[in-house]
Structures are given as C-alpha cells and as structure tokens.
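# Pasting a predicted model and its sequence here:
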Amino acid sequence: MIAVVIFSFVLAAGYRAMSVFMGKTSQRLSERMVLQMEARKALLTLYQRLQQSIEVLAPAPGTTLPYIVYKDLENNVCCLYLEPDAARTKAEAHPIFRAMLLVRDPAKAAPEPVVPVMHQVVKLQFTAHSPTGVFISATLRGGKGEFSLVNFVRLKNSAAEE
C-alpha cells in the first residue's frame with residue numbers, strides 16, 4: 001500500500017514536470033512559428049514589390065548593402081532601409097530594427113509617408129546580381145529564437161539587357 005502511494009506521488013510529480021516542460025516548449029515553438037509567418041509574409045510583400053519594379057539602382061551589381069534603392073513600375077524611386085526599434089531592442093536586449101520603405105515620386109515635391117515593411121529584423125542585406133536581379137538575406141529575432149531567410153528576386157518589368 002505504501003509503495004502504491006509513493007508510486008502515485010512519483011507519477012503525479014512526473015506528469016506535472018512533463019506538462020510544464022511541454023508548455024514551455026509549445027510556447028517557444030508558437031513564438032517561432034509566429035515569427036516565421038510574419039517574416040514570410042513581409043518577405044512575400046517585399047518580393048512582389050521588387051519583382052514588379054523596373055530597375056535596381058543601389059546596390060551596384062556585385063555589391064552588398066543593408067538597403068536597396070529601386071524604381072517601381074510608376075517610375076517612383078523607392079528606398080528600403082533599416083531603422084532602429086528602441087522598444088524591441090530593450091525587450092530583446094539585442095539590437096533590433098524595422099525595415100522601412102520610402103517612396104519618392106519625382107513629380108511631387110514631398111515624398112510619401114515612410115511605411116514599415118518588416119519588424120524584428122536583426123540583419124537585412126541586399127546583394128545585386130545585376131540591375132534586374134537581387135539576393136535578399138534577412139535574419140529576424142523574436143523571443144529567444146532567430147529565423148534566417150535568403151531569396152533571389154528577378155525583376156519582371158525590366159528591359160532585357162542581360
């Protein structure tokens with residue numbers, strides 16, 4: 001009888017420890033999944049914008065920069081750059097940035113308002129393959145996890161010079 005009581009206490013403690021461990025693992029996995037989904041959605045938006053553009057102005061072919069300047073389909077000059085995110089940097093205790101998009105219509109005096117495109121960015125780099133193609137490399141951070149992605153974008157609306 002005593003052995004059964006001791007065994008039931010050990011079994012209950014093991015079940016409790018397992019449920020706490022599974023809860024923490026599940027929470028970490030869900031944070032990472034949310035980060036991955038947000039990153040993929042932001043990358044898809046960025047990919048579509050770049051794909052529909054006319055020409056990559058910076059970086060020059062064969063170089064890498066933490067920003068990109070390109071002309072969109074309406075001949076606007078667009079710049080995607082990183083801006084520090086002080087609140088998330090403090091929460092993560094690690095430098096975190098936001099990718100911001102600035103669109104400038106040459107016919108207008110003032111640029112459009114700056115729009116955030118991607119959050120929780122640790123690193124974002126653009127490597128121009130040619131004036132019509134660019135590699136995007138990004139690392140995002142959320143919670144204790146990081147997510148990296150690489151993608152190549154070929155511009156659809158550019159003149160066929162290659």
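Cool, the structure landed. What you see is a predicted model; the values in this text were computed from it and never measured.

# Please make it C-alpha for all contacts and neighbour counts, starting now.
Noted.

# list the helices and strands the longest strand seen in the chain packs on?
If you go by DSSP state E, the chain has its longest strand at strand 115-130. Where contact means 3 or more CA pairs under 8 Å, 6 or more residues apart in numbering; DSSP states H and E, strand 115-130 is packed against helix 2-51, strand 55-58, strand 64-65, strand 97-104, strand 133-142.

# average model confidence for it?
Strand 115-130 shows a mean pLDDT of 89.

# Just give me how far the strand or helix carrying V150 sits from the chain centre.
Using DSSP states H and E, V150 sits within strand 145-154. Relative to the chain's own centre, strand 145-154 is displaced by 8 Å; criterion: CA atoms, centre = their mean, to the nearest Å.

# Then stretch 100-118?
So, by CA atoms, centre = their mean, the centroid of stretch 100-118 is 20 Å from its chain's centroid.

# What residues sit buried inside that stretch?
Neighbour counts over stretch 100-118 (16 or more other CA atoms under 10 Å) mark 100-105, 116-118 as buried.

# For the spatially most central residue of the chain, list the residues it contacts.
Central residue of the chain (CA atoms, centre = their mean): A39, 4.1 Å from the mean position. A39 is in contact with 118, 140, counting by CA atoms under 8 Å, 6 or more residues apart in numbering.

# ok, it to V103 distance?
Separation of A39 from V103 (CA to CA, to the nearest Å): 21 Å.

# Please apply the same query to K156.
Per CA to CA, K156 is found 19 Å from V103.

# what do you get for V77?
On the measure of CA to CA, V77 and V103 end up 6 Å apart.

# is it possible to export the helices and strands packed on strand 115-130 to JSON lines including distance to L149 and mean pLDDT?
Below are the helices and strands packed on strand 115-130 laid out as JSON lines (distance: least, CA to CA, whole Å; pLDDT from 0 to 100):
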{"stretch": "helix 2-51", "distance to L149": "9", "mean pLDDT": "76"}
{"stretch": "strand 55-58", "distance to L149": "20", "mean pLDDT": "89"}
{"stretch": "strand 64-65", "distance to L149": "16", "mean pLDDT": "94"}
{"stretch": "strand 97-104", "distance to L149": "15", "mean pLDDT": "92"}
{"stretch": "strand 133-142", "distance to L149": "5", "mean pLDDT": "86"}
